[in-house]
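*Asks:* Below are the sequence and a predicted model; questions follow.
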Amino acid sequence: MGKEKIAISFRKGLSLSKGKYPGRNPRTVVEAGIRCEYDVTVPMRDGAVIYADVFRPDRKGQYPVLIAWSPYGKHGRIKYKYFPGCGVCDSDLSKFAIFEAADPVYWCANGYIVIHPDPRGSWGSEGDLTLLSEQEAMDGHDLVEWAGTQSWSNAKVGMHGVSYLAWSQWKVAALNPPHLAAINPWEGVSDFYRELAFHGGIPETEFLAMWLPSVSFSATRVEDLLEMARKHPLFDAYWAAKNADLSKIKIPVFAVASWSDHGLHTRGTIEGFKKIASKDKWLWVHGLKKWQHFYLHVRKQRQFFDLFLKGIDSEVKYWPRVTLEVREQFFVGNSRGENEWPLARTQYTKLFLNALDGGLSKSPFEEETQVRYKVDDPNDKTENARFEFEFAHKTELTGYMKLKLWVQAHGSDDMDLFVAIQKVNRSNEVATFPFFSCHNDGPVALGWLRVSHRELDQKRSTAYQPYYQHKREIKLKAAEIVPVEIEIWPSSTLFERGEKLRIVVQGSDIYTYPDEMNSIGHMSTVNRGEHIIYTGGRYDSHLLVPVIPAN
């Protein structure tokens with residue numbers, strides 16, 4: 001049987017003039033030691049043409065190529081000014097740089113060629129613009145092969161960049177273009193249903209609506225991702241086609257993630273590292289803000305590409321397979337090397353919930369109790385259930401948490417559950433962390449689940465990480481009490497003696513920023529009436545935590 005044909009909903013692209021597109025103007029300019037070739041024609045396998053800007057060292061020779069693939073516009077003068085608090089200013093970069101990509105001034109000076117394309121259908125390039133589609137992946141493959149066979153190329157091509165520029169790397173690398181020698185996905189989704197459009201089956205409504213216009217400038221048509229999400233609320237062939245077959249990636253990979261991007265990139269980058277088949281692969285997980293971290297560590301990026309695109313012996317051979325930061329609070333933490341992910345020495349420990357007093361204990365409670373909270377007003381953040389555990393000894397939690405709850409909906413046949421894990425210091429104040437690129441008051445970790453999506457894929461689920469099928473809805477019957485397992489995205493946090501871990505469960509977003517551009521949110525919930533959580537006795541509601549033993 002062939003692949004299922006998916007009907008894509010399109011809408012008219014946004015005006016190019018609104019995006020300050022200067023129009024095609026093929027030319028060559030030499031400045032700052034760079035030979036800048038603008039609007040170079042690059043043919044695709046089906047005859048369509050895309051346009052790219054090529055930045056080469058202004059000296060003779062053959063050099064490795066770095067491609068930054070995204071639909072944000074190769075002409076754009078960066079955009080960090082729209083994200084106050086992100087730690088990067090547009091003035092930090094040269095006029096040749098684009099959003100979420102490395103600066104050609106640095107790379108050309110160090111013997112690299114940088115290519116910024118406008119993908120098919122974006123800006124002046126021909127065709128319709130589809131997002132993370134199989135067509136886009138094939139076009140990325142074709143650009144890699146074009147770049148790898150030009151007279152100025154040393155036949156080694158790499159891909160780099162943050163977010164969308166990382167998403168596209170997974171897709172292209174899975175096609176194994178012969179000249180693609182290494183990739184550096186810096187914080188990128190790899191499962192577009194579970195990590196971008198539907199968190200735990202709950203539709204994401206804020207980030208997508210903010211983000212989609214920035215990738216919608218086209219002289220033709222643009223895939224309407226919001227409409228497709230409305231038409232495809234379950235995981236099906238449409239969403240599967242957006243996900244790369246990570247097992248087919250075999251080239252060297254340096255994947256970078258952060259604990260601070262829950263709701264977007266954290267899970268996807270780490271899952272990508274786990275699932276790729278590459279022999280040469282490294283994972284670095286930090287606790288800072290992604291764009292700031294990307295530009296602070298350009299030298300580390302170059303060490304990686306020097307080895308695999310130039311054959312230069314570098315420090316990469318001394319890198320630990322995994323580098324992770326154990327966070328303590330905002331901008332405080334320590335990094336160390338590890339041999340694998342998740343950590344083999346993890347001691348998974350159950351902390352049982354007690355609805356009677358809001359406590360957590362390593363021993364189960366015999367008495368059956370319940371706690372209720374109302375969900376009709378999503379703006380009422382006081383309506384929730386909270387549970388706390390105080391650490392008697394210094395304890396590191398690094399890895400995956402899982403929250404098992406026994407729940408009931410009073411007044412509805414479904415429930416949307418929002419979960420936050422917080423750290424409370426010895427002064428009884430919530431310790432905050434960098435969050436979602438721009439914010440300074442984030443949690444330890446987040447999790448979500450629409451209860452009708454609770455059906456697990458038993459083959460993919462593990463004891464510490466539930467994997468939901470999202471293939472059908474299983475609604476609740478009247479007065480039905482059901483067990484659910486909620487995936488908490490991975491994290492790493494150090495708790496001192498006397499500090500507390502807090503679980504917050506409620507019926508709406510616990511962290512959201514409605515007045516700012518960069519925010520996640522879930523404004524379309526199924527919640528009505530009350531949520532009831534049962535603990536003790538028959539109801540083994542608990543949080544599974546990943547304890548890392550001291551040295």
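*Replies:* Arrived safely.
*Asks:* Correct me if wrong, but E227 is in a strand.
*Replies:* No. The assignment for E227, made by DSSP: H, G, I helix; E, B strand; the rest coil, is helix rather than a strand.
*Asks:* Now for it, how many residues are close by?
*Replies:* For E227, the neighbour count with other Cβ atoms under 10 Å is 13. From N, CA and C alone the C-beta is placed, and that goes for glycine too.
*Asks:* And the residue nearest to D191 when sequence neighbours are not counted, what's its pLDDT?
*Replies:* Spatially, and ignoring its direct neighbours in sequence, D191 is nearest to N243 (5.5 Å; Cβ to Cβ, 6 or more residues apart in numbering). pLDDT recorded at N243 is 97.
*Asks:* Equivalent analysis for M1, please.
*Replies:* In this model, M1 is scored at 41, pLDDT.
*Asks:* got it, and V88?
*Replies:* Looking at V88, its pLDDT is 95.
*Asks:* that older thread, in contact with the residue nearest to D191, which residues?
*Replies:* 190-193 (Cβ atoms under 8 Å, 6 or more residues apart in numbering).
*Asks:* ok, now T205?
*Replies:* Taking Cβ under 8 Å, 6+ apart, one finds 521-524 in contact with T205.
*Asks:* all strands for the stretch 351-500 of the chain, in order.
*Replies:* Using DSSP state E, counting those that start in this stretch, the strands found in the stretch 351-500 of the chain span residues 359-361, 369-374, 384-390, 395-410, 416-424, 430-431, 433-435, 439-442, 445-450, 482-495, 500-506.
*Asks:* can you pull the contacts of I67?
*Replies:* I67 makes contact with 115, 117, 140, 143-144, 147, 157-160 under the criterion Cβ under 8 Å, 6+ apart.
*Asks:* Now, those residues that are in helices?
*Replies:* With helices taken from DSSP state H, the overlap with the contacts of I67 comprises 140, 143-144, 147.
*Asks:* which SS state does the residue nearest to D191 fall under?
*Replies:* From three-state DSSP, the assignment for N243 is coil.
*Asks:* now swap in the one 4 residues further on and tell me
*Replies:* S247 carries the three-state label helix when classified by three-state DSSP.
*Asks:* In terms of helices and strands, where is the closest residue to it other than its chain neighbours?
*Replies:* Counting by Cβ to Cβ, 6+ apart, the nearest residue to S247 once its immediate chain neighbours are dropped is A277, at 5.4 Å. Using DSSP states H and E, A277 sits in no helix or strand.
*Asks:* Over to Y238?
*Replies:* Using DSSP H and E, Y238 sits in helix 237-240.
*Asks:* Phi first, then psi, for the residue lying closest to N518 once chain neighbours are set aside.
*Replies:* Counting by Cβ to Cβ, 6+ apart, C438 is the residue found nearest to N518 once chain neighbours are left out, at 4.9 Å. Dihedral pair for C438: phi -120, psi -10, per degrees, to the nearest 10.
*Asks:* List the contacts of C438.
*Replies:* 83-86, 289, 516, 518.
*Asks:* May I see the contacts of I67 organised as a markdown table, with distance to V222 and pLDDT added?
*Replies:* Conversion of the contacts of I67 to a markdown table gives the following (distance: Cβ to Cβ, whole Å; pLDDT from 0 to 100):
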| residue | distance to V222 | pLDDT |
| --- | --- | --- |
| I115 | 23 | 98 |
| P117 | 17 | 98 |
| G140 | 18 | 98 |
| L143 | 20 | 98 |
| V144 | 24 | 98 |
| A147 | 26 | 98 |
| V157 | 27 | 98 |
| G158 | 28 | 98 |
| M159 | 23 | 98 |
| H160 | 25 | 97 |
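*Asks:* can you give me the strands for the stretch 201-350 of the chain?
*Replies:* Using DSSP E, counting those that start in this stretch, strands in the stretch 201-350 of the chain cover 202-203, 221-223, 253-258, 281-286, 322-329, 332-338, 347-354.
*Asks:* Show me what the second one is packed against.
*Replies:* What it means is strand 221-223. Secondary-structure packing of strand 221-223 (3 or more Cβ pairs under 8 Å, 6 or more residues apart in numbering; DSSP states H and E): strand 10-12.
*Asks:* State the mean pLDDT of the strand it packs on.
*Replies:* Per-residue pLDDT over strand 10-12 has a mean of 97.
*Asks:* Go through the contacts of N243 and name the one nearest I481.
*Replies:* Minimum separation from I481 among the contacts of N243 (Cβ to Cβ) is found for Y193, which lies at 28.0 Å.
*Asks:* count of neighbours near the closest residue to that closest one other than its chain neighbours?
*Replies:* Distances taken as Cβ to Cβ, 6+ apart place W239 nearest to Y193, at 4.0 Å, with adjacent residues excluded. Around W239 there are 21 other residues, counting by other Cβ under 10 Å.
*Asks:* What residues does W239 make contact with?
*Replies:* W239 makes contacts with 192-193, 197, 232, as judged by Cβ under 8 Å, 6+ apart.
*Asks:* I'd like the distance between it and Y295.
*Replies:* Using Cβ to Cβ, to the nearest Å, W239 is found at 32 Å from Y295.
*Asks:* What of E390?
*Replies:* Using Cβ to Cβ, one obtains 39 Å as the distance from E390 to Y295.
*Asks:* Between these two, tell me which one has more neighbours.
*Replies:* Neighbour comparison, E390 and Y295: the larger count goes to Y295, with 18 against 14 (by other Cβ under 10 Å).
*Asks:* of all the contacts of W239, which comes closest to S91?
*Replies:* The closest of the contacts of W239 to S91 turns out to be F192 (Cβ to Cβ; 33.3 Å).
*Asks:* Identify the residues contacting that closest one.
*Replies:* Residues counted as contacts of F192 (Cβ under 8 Å, 6+ apart) are 132, 167, 239, 242-243.
*Asks:* Now distance to G124 too, for those, in CSV please.
*Replies:* Listed next are the contacts of F192 as CSV, based on distance: Cβ to Cβ, whole Å:
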residue, distance to G124
L132, 21
W167, 22
W239, 30
K242, 25
N243, 29
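*Asks:* follow-up on the earlier one: which of the strands of the stretch 201-350 of the chain is buried the deepest?
*Replies:* Highest mean neighbour count among the strands of the stretch 201-350 of the chain (mean count of other Cβ atoms under 10 Å): strand 253-258, with a mean of 26.
*Asks:* That strand pairs with which strands?
*Replies:* Strand 253-258 has the following strand partners under DSSP bridges: strand 180-186 (parallel), strand 281-286 (parallel).
*Asks:* From L131, how far out is Y193?
*Replies:* 13 Å.
*Asks:* since we're on the residue nearest to A52 when sequence neighbours are not counted, how many residues are nearby?
*Replies:* Computed as Cβ to Cβ, 6+ apart, the closest residue to A52 that is not its neighbour in sequence is P117, at 4.0 Å. Number of residues near P117 (other Cβ under 10 Å) recorded here: 26.
*Asks:* K300 too?
*Replies:* 18.
*Asks:* Can you give me every residue that contacts it?
*Replies:* Residues in contact with K300 (Cβ under 8 Å, 6+ apart): none are found.
*Asks:* Retrieve the pLDDT associated with it.
*Replies:* 97.
*Asks:* same deal with V371?
*Replies:* For V371, the pLDDT comes out at 98.
*Asks:* Would you mind confirming that it makes contact with A355?
*Replies:* Yes. The pair V371 / A355 is scored as a contact, 3.9 Å apart, by Cβ atoms under 8 Å.
*Asks:* so what's in contact with the two at the same time?
*Replies:* Counting by Cβ under 8 Å, 6+ apart, the shared contacts of V371 and A355 are 385, 533, 535.
*Asks:* Closest one of the residues you listed to L494?
*Replies:* Of the shared contacts of V371 and A355, the one sitting nearest to L494 (Cβ to Cβ) turns out to be A385, at 25.7 Å.
*Asks:* Please parse the protein into its domains.
*Replies:* The chain resolves into domains spanning 10-319, 347-548 when parsed by automatic domain parsing.
*Asks:* deepest of those, which one?
*Replies:* Highest mean neighbour count of the domains of the chain: domain 10-319, a mean of 20 (counted as mean count of other Cβ under 10 Å).
*Asks:* residue contacts, K74?
*Replies:* Counting by Cβ under 8 Å, 6+ apart, K74 touches 51-53, 98, 116-118, 123.
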